[in-house]
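J.: Sequence and computational prediction follow.
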Amino acid sequence: MSDGERSSGTGRLLTGVAWVLLLLGLWLWGREVTDVRHGISAPTTGDVAAVGRPAEVELPPAARPLGAARPQRIDIPGLGVQAPVVARGLDRQGAVDPPPFDQLGVVGWYAAGAKPGAAGTALMVGHVDTETRPAVFYKLSSLKPGETVRVIRDDGRVAEFTVDDVQVVTRDHFDAQQAYGQRESGRAELRLITCGGTFDRASRSYTANVIVSAYLTGTGL
């Protein structure tokens, strides 16, 4: 790959992920973000369009939240994903720092928020791709309600989440509280977030975000 191609790929990845995390940073600092619009305006990168939650899918009851423990790995059997998880904080702009750009197989967890499996909404972000290859959350939008996400924690417990909703949300109208906030009080919830829609070469960013919502339904060792 030439220097120009490498620069283009890095720029595309940086812009796409930075946009997702900037929205999250705005919400975390309580700044104004309004007018949610669910659905899609274009196919999701690498996958078919997300469809939300079909009415016929029966989901299991929520499990009692676990105590607080840090995540070490995330497994998504339906996508063939087994990825290490690293803690991330906020950058100087108030957005969450993504995983390093040379670690496209790593998932970032917002360490100042809820811990996966504990009560609240834990937030995880991952890259979708570069100009040349897919990244850890490339197929995220193909998850379906009822599928499993497992988070291995540093207390030896496994938090088992069930996907209940998959949305592709366009960037021009966005309600961060609805996207990232807790759906039901007292539950342990998880959000997996990456870029989606199409890549706009003029603005060098994606047109949407893929947001997977899941909740704790079981635990293991």
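T.: Ah, there it is.
J.: Can you give me the distance of residue 221 to residue 138?
T.: Distance, residue 221 to residue 138, using C-beta to C-beta, to the nearest Å: 30 Å. C-beta coordinates here come from the backbone N, C-alpha and C atoms, glycine included.
J.: all helices for this protein, in order.
T.: Applying DSSP state H to the chain gives helices spanning 3-28, 176-180.
J.: Check those for me: which has the lowest mean pLDDT.
T.: Per-stretch mean pLDDT for the helices of the chain is lowest at helix 3-28 (a mean of 44).
J.: Which strand residues bridge the most centrally placed residue in the chain?
T.: Taking C-alpha atoms, centre = their mean, the centroid of the chain lies closest to residue 193, which sits 1.8 Å from it. Note on residue 193: beta-bridge partners by DSSP bridges are residue 125, residue 211.
J.: This structure: strands as residue ranges?
T.: Secondary structure of the chain (DSSP state E): strands located at 71-76, 81-88, 107-110, 120-125, 148-153, 158-170, 188-200, 205-220.
J.: Please name every helix or strand in contact with the first one.
T.: This means strand 71-76. Packed against strand 71-76 by the contact rule (3 or more C-beta pairs under 8 Å, 6 or more residues apart in numbering; DSSP states H and E) you find strand 81-88, strand 120-125, strand 148-153.
J.: Compare residue 221 and residue 138 (neighbour count), which wins?
T.: More crowded of residue 221 and residue 138, by other C-beta atoms under 10 Å: residue 138, with 20 against 6.
J.: Please state the mean pLDDT value computed over stretch 194-210.
T.: Averaged across stretch 194-210, pLDDT comes to 79.
J.: Next: stretch 164-172.
T.: On average, stretch 164-172 scores 86.
J.: tell me which residues in that stretch are buried?
T.: 164, 165, 166, 167, 168, 169, 170, 171 (16 or more other C-beta atoms under 10 Å).
J.: now stretch 104-115
T.: Buried residues in stretch 104-115, counted by 16+ other C-beta under 10 Å: 104, 106, 107, 108, 109, 110, 111, 113, 114, 115.
J.: quick one, what contacts the first one?
T.: Taking C-beta atoms under 8 Å, 6 or more residues apart in numbering, we find residue 104 in contact with 127, 130, 133, 135, 136.
J.: PyMOL command to pick out the buried ones of those residues?
T.: Only the buried entries of the contacts of residue 104 go into this PyMOL selection, using 16+ other C-beta under 10 Å:
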select buried, resi 127+130+135+136
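J.: nearest to residue 90, of the contacts of residue 104?
T.: Taking C-beta to C-beta as the measure, residue 90 lies nearest residue 127 of those, at 18.2 Å.
J.: Contacts only, for the closest residue to the closest one other than its chain neighbours.
T.: With sequence-adjacent residues excluded and distances taken as C-beta to C-beta, 6 or more residues apart in numbering, residue 127 is closest to residue 135, at 3.7 Å. When contacts are counted by C-beta under 8 Å, 6+ apart, residue 135 touches 13, 104, 105, 126, 127, 128, 129.
J.: If we use 10 Å, what do you get?
T.: 13, 17, 46, 83, 99, 101, 103-107, 126-129, 194-195 (C-beta atoms under 10 Å, 6 or more residues apart in numbering).
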